[in-house]
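Peer 1: turn this into a structure:
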Amino acid sequence: MNISANDKVSDYISDIQSLSSGQFDLVIAIRDIFLEANKELIESVKYGGLVFNVSNTLIGGIYTYKEHISIEFSNGYNFIDTDSILEGSGKKRRHIKIYTSDDIGHKNVTYFVNQAANG
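Peer 2: Have a look, this model is predicted:
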């Protein structure tokens with residue numbers, strides 16, 4: 001696990017760990033994918049989740065819900081998604097719901113995070 005220099009991020013991660021070890025493991029795995037996708041990413045806590053910015057532009061975030069983790073992509077409407085994995089019908093944002101660690105691979109999270117993080 002990458003340790004954050006941002007105290008708000010560290011506190012957010014600690015809070016998740018104390019509430020749900022299952023969700024903690026998923027959030028850390030997804031966070032690591034974001035951080036490995038682009039070394040220029042800046043992480044922070046916003047809108048109740050862990051968000052990632054590149055060049056002061058919000059590219060996406062990780063949000064915890066009771067039954068799942070949601071990975072949000074600010075410009076997901078623009079992604080190549082030949083298997084129709086992305087959900088949502090808004091103007092720009094799309095998301096992926098993660099229920100288990102297997103979903104991270106089955107739903108091609110790394111592929112979509114790379115699209116978000118590298119334009």
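Peer 1: when you work out contacts or count neighbours from here on, use the C-alpha atoms and nothing else.
Peer 2: Noted.
Peer 1: distance check, Ser74 against Leu58.
Peer 2: 7 Å (CA to CA, to the nearest Å).
Peer 1: tell me how many other residues crowd the closest residue to Gly88 other than its chain neighbours.
Peer 2: Spatial nearest neighbour of Gly88, chain neighbours left out: Arg94 (5.0 Å); criterion: CA to CA, 6 or more residues apart in numbering. As a burial measure, Arg94 scores 22 neighbours (other CA atoms under 10 Å).
Peer 1: show me the contacts for Arg94.
Peer 2: With contact taken as CA atoms under 8 Å, 6 or more residues apart in numbering, Arg94 is in contact with Glu72, Phe73, Ser74, Asn75, Gly76, Tyr77, Leu86, Glu87, Gly88.
Peer 1: the longest helix in the protein is where?
Peer 2: helix 21-37 (DSSP state H).
Peer 1: which other residues reach that helix?
Peer 2: So helix 21-37 is contacted by 1-2, 13, 16-17, 41, 52, 62, 64, 68-69, 100-101, 104, 109-110, 113-114, 117-118 (CA under 8 Å, 6+ apart).
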